[in-house]
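Colleague: mind looking at a prediction? Sequence and model below.
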Amino acid sequence: MPSQAIPDLRTAATDADDRQAAESELRLLRGVLQMLPTGVTLQDEQGHFLLINDAAASQFGICGSERATPASPQLSQRSASAVEFLRSGRPATIEECVGDGQARQVLLTAHRPVRIAERTLLLSSSADISEQKAFEDQLFRSAYYDELTGLPTRRVIEHRADSLLKHDEGGVRFALAFLDIDNFKHINDYYGHDVGDTLLVELSKRLTRDLRESDMLARISGDEFLLLLSPIQGTHEVEDFLQSTISRLSAPFFIDGSEIFASTSIGVSLYPDHGTSYNVLRQNADLAMYRVKNEGKGAVAFFDAAMEHEALARMKVEQSLRLAILEKRFCCAFQTKVDIRTQEIKGIEALVRLRDDEGVIQAPGTFINLAVELGLIDELTHLVLAEIVKSIDLINETFGPTATISINVAAKQAVNPAFMQSFALALEATGFPQRFMIEVTEDAFVTKSYFQEEILPILRKLGIGVSIDDFGIGYSSLSALADITADEIKIDRSFITDIHRRPRSQGILRAIESLSEALSMTVIAEGIESFEELAYLQAATKIRYAQGYYFSRPIFLEELKPAVPLASESRSSLANRPVQQNRIAYSRGSRYQR
């Protein structure tokens, strides 16, 4: 018997060693499993958890005491889904959200059915991708949502419209409205960009207040919005809604202690009446909006076929303007500024004109505003200066070597330091910068721009004068005039027309005259066309200088070349020359339209 016991003891010892080695390996594997940064769980056929490593416990908010029988609410969905995954027998990878608030995590979990110890179990591994998802969400929002207002961007509303068009089975109608804030640049200039940004946010809130879930408002550029209204029954429904929107926007906005009024011009196109593609509908809504802009702003207009013809005409003018600048087909007419006491010429104003393809002179009302809009006005202003320099000898011979030469500068140019600095250098390069007078409208002074702080000192250093053009019809008041540094103030012709018969205009004129005298500014009355207007200024005011057709129409230098030399004609007789028939009609519009 003893001889038989020895092998049994050896076998038992071997089995014990094997078990010890297996347990050691199992402890090692458990240790490795627990230290994995990825959450690992093992579940049985009923969804019960057989194993949860530390990373998974942390992900699901399980304490150590709960590890044996986890009851975390975060695991209820995992338990229910485990049965489904095991039943399907196929692996799957899904995203899971656990926790809430700041503790919310997004997990990327791989589920795989496995066969262990004759049992079918579900092995799951979960990686925390919260930071990656947050970054993806940030990229998505920056691509598809406006950072300032939180509204969808152009791409989102385009996708929405395309989706409506794609799935339309003949019964869906919708409206696409193009909204543009009127005079937003002036608001930005006067109050500052921070206030402008706040206005955009507050305006967006008002615009979205009464929208349905099926509607969409998108911000597509600085002060432009697109509104999609879907579904709609007809034109009247859309018009009533947009009219109420305009009424809601008419209430003042109170921002940083300022009361700001903002209006919006709206153009509308309807599907399928005005187009069957997003691009056509958007373009037609844009055309309708420009019709509103041209007719007074702050209203609603629906697209009609006539707008297409207007757009084509505008395109032709634009192409012609670009070609004219390229070919330098511009010329200057000069209108005198006259001393109404002595009839002597004080100065001249350079008025740009365009020669069309057939050589006919076009008044600036047909192209100046478009040149500003297209960004061509800077080059055009330099062309005017080049024309003056080229003709300076004839200018001196005609109007006298001491006459000032006024050049109009658009408000957009006047508040642009880069342009004004380059233009000042060009004036200096002429060799006679002190002869020039820059004419700008009053809003260039009263807005929060750098004109007075940065531009004016440069002009002063070169001896260039500054004139306030069309005073009285812009954004200023008499009190604002006290803060303006200028040499000359030109009273708009709307105050001068029939001044002898308009007591209220006479009172305004006296107030402007007194304040200008106190500020040592020369006053010029614009648009004198009758003897009665001149007689009133001579008898009832101290105004010395005036400009208008009563003294002289704009004169083209080439018209003077074949004529009798003006050296034999005194400058006083030129100033006193009566109005002649002119083939260019005098416009009562802005300073560029004369």
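Modeller: Yes, it's here.
Colleague: pLDDT at A285, what is it?
Modeller: Reading off the per-residue confidence, A285 sits at a pLDDT of 93.
Colleague: give the contact list for it.
Modeller: With contacts defined as C-beta atoms under 8 Å, 6 or more residues apart in numbering, A285 is in contact with 176-178, 226, 267-269, 303. The C-beta positions use only the backbone N, C-alpha and C, and glycine is treated the same way.
Colleague: C-terminal to the helix or strand harbouring it, what's the next element?
Modeller: For A285, the enclosing helix or strand under DSSP states H and E is helix 278-294. Using DSSP H and E, the next helix or strand after helix 278-294 towards the C-terminus is strand 300-302.
Colleague: tell me what that next one is packed against?
Modeller: When contacts are defined as 3 or more C-beta pairs under 8 Å, 6 or more residues apart in numbering; DSSP states H and E, strand 300-302 sits against helix 235-249, strand 264-271, helix 278-294.
Colleague: quickly compare the ones you listed and say which is most buried.
Modeller: Compared across those, strand 264-271 shows the largest average neighbour count, a mean of 24 (mean count of other C-beta atoms under 10 Å).
Colleague: just the mean pLDDT for that strand, thanks.
Modeller: Taken as a whole, strand 264-271 has a mean pLDDT of 94.
Colleague: check the offset of that strand from the chain's centre.
Modeller: The offset between the C-alpha centroid of strand 264-271 and the centroid of the whole chain comes to 18 Å, using C-alpha atoms, centre = their mean, to the nearest Å.
Colleague: against which helices or strands is it packed?
Modeller: When contacts are defined as 3+ C-beta pairs under 8 Å, 6+ apart, strand 264-271 packs onto strand 174-181, helix 235-249, helix 278-294, strand 300-302.
Colleague: and V579, what pLDDT?
Modeller: According to the per-residue confidence, V579 scores 36 in pLDDT.
Colleague: try Y592
Modeller: At Y592 the predicted local confidence, pLDDT, stands at 34.
Colleague: show me where the stretch 1-150 of the chain has its helices.
Modeller: For the stretch 1-150 of the chain, the helices identified by DSSP state H, counting those that start in this stretch occupy 2-35, 54-60, 76-88, 130-144, in order along the chain.
Colleague: packing partners of the third one?
Modeller: Yep, that's helix 76-88 we're talking about. Helix 76-88 is packed against strand 39-43, strand 92-98, strand 105-116, strand 119-128, with contacts defined by 3+ C-beta pairs under 8 Å, 6+ apart.
Colleague: figure out which of the ones you listed is closest to L515.
Modeller: Across the helices and strands packed on helix 76-88, the minimum distance to L515, taken as C-beta to C-beta, is reached by strand 105-116, at 67.8 Å.
Colleague: run through who's touching that closest one.
Modeller: Contacts to strand 105-116, defined as C-beta under 8 Å, 6+ apart, come from residues 39, 59, 81-82, 85-86, 89-99, 120-130, 133.
Colleague: please apply the same query to stretch 234-241.
Modeller: Under the contact criterion C-beta under 8 Å, 6+ apart, stretch 234-241 has outside partners 173, 175, 177, 210, 229, 232, 268, 270, 300, 302.
Colleague: distance to L51 added to those residues, as a markdown table?
Modeller: As requested, the contacts of stretch 234-241 are arranged in a markdown table below (distance: C-beta to C-beta, whole Å):
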| residue | distance to L51 |
| --- | --- |
| R173 | 60 |
| A175 | 60 |
| A177 | 60 |
| D210 | 56 |
| L229 | 56 |
| I232 | 59 |
| V268 | 64 |
| L270 | 63 |
| V300 | 67 |
| F302 | 68 |
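Colleague: and those, which of them are buried?
Modeller: With neighbours counted by 16 or more other C-beta atoms under 10 Å, these contain buried members at 173, 175, 177, 229, 232, 268, 270, 300, 302.
Colleague: measure the fourth one to R104 for me?
Modeller: So the one you mean is L229. Per C-beta to C-beta, to the nearest Å, L229 is found 36 Å from R104.
Colleague: swap in the fifth one?
Modeller: For I232, the distance to R104 under the criterion C-beta to C-beta works out to 40 Å.
Colleague: rewinding a little: which one of the contacts of A285 is nearest to Q343?
Modeller: Each of the contacts of A285 was checked against Q343 using C-beta to C-beta; the closest is G267, at 51.9 Å.
Colleague: show me the residues around the closest one that make contact.
Modeller: With contacts taken as C-beta under 8 Å, 6+ apart, G267 has the following neighbours: 177-178, 284-292, 300-303.
Colleague: how does it look with 10 Å?
Modeller: The neighbours of G267, taking C-beta atoms under 10 Å, 6 or more residues apart in numbering as the test, are 176-180, 282, 284-293, 299-303, 307.
Colleague: just L42 next, same as before
Modeller: In this structure, L42 makes contact with 33, 48-53, 56, 82, 114, 116, 121-124, judged by C-beta under 10 Å, 6+ apart.
Colleague: likewise for R30?
Modeller: Counting by C-beta under 10 Å, 6+ apart, R30 has contacts 51, 53.
Colleague: now the most centrally placed residue in the chain. Nearest residue, chain neighbours left out?
Modeller: The geometric centre of the chain, computed from its C-alpha atoms, lies nearest to G222 (C-alpha atoms, centre = their mean), at 2.6 Å. Spatial nearest neighbour of G222, excluding adjacent residues (C-beta to C-beta, 6 or more residues apart in numbering): F184 at 7.3 Å.
Colleague: contacts only, for the one you found.
Modeller: F184 is in contact with 196, 199-200, 203, 222-224, 262, 264, counting by C-beta under 10 Å, 6+ apart.
Colleague: for M216, state which of those residues is nearest.
Modeller: Sorting the contacts of F184 by how near they are to M216, with C-beta to C-beta, puts E224 at the top with 15.0 Å.
Colleague: next up, the contacts around the closest one.
Modeller: Under the contact definition (C-beta under 10 Å, 6+ apart), the residues listed for E224 are 154, 178-181, 184, 218, 286, 289.
Colleague: would you check which pair of those lies furthest apart?
Modeller: Of all pairs drawn from these, the one with the largest separation by C-beta to C-beta is R154 and F184; the distance is 18.0 Å.
Colleague: closest to I543 out of the helices and strands packed on strand 300-302?
Modeller: The minimum distance between I543 and the helices and strands packed on strand 300-302 falls on helix 278-294, with 35.0 Å, by C-beta to C-beta.
Colleague: what is the neighbour count of I455?
Modeller: The burial count assigned to I455 is 25, neighbours taken as other C-beta atoms under 10 Å.
Colleague: could you do A305 as well?
Modeller: A count of nearby residues for A305, using other C-beta under 10 Å, gives 8.
Colleague: how about JSON lines for the helices and strands packed on strand 300-302, with distance to S320 added?
Modeller: Output for the helices and strands packed on strand 300-302, formatted as JSON lines (distance: least, C-beta to C-beta, whole Å):
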{"stretch": "helix 235-249", "distance to S320": "35"}
{"stretch": "strand 264-271", "distance to S320": "25"}
{"stretch": "helix 278-294", "distance to S320": "19"}
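Colleague: re the thing from before, put together JSON lines for the helices and strands packed on helix 76-88, with distance to P503 and mean pLDDT on each row.
Modeller: Conversion of these to JSON lines gives the following (distance: least, C-beta to C-beta, whole Å; pLDDT from 0 to 100):
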{"stretch": "strand 39-43", "distance to P503": "89", "mean pLDDT": "88"}
{"stretch": "strand 92-98", "distance to P503": "77", "mean pLDDT": "86"}
{"stretch": "strand 105-116", "distance to P503": "77", "mean pLDDT": "88"}
{"stretch": "strand 119-128", "distance to P503": "82", "mean pLDDT": "89"}
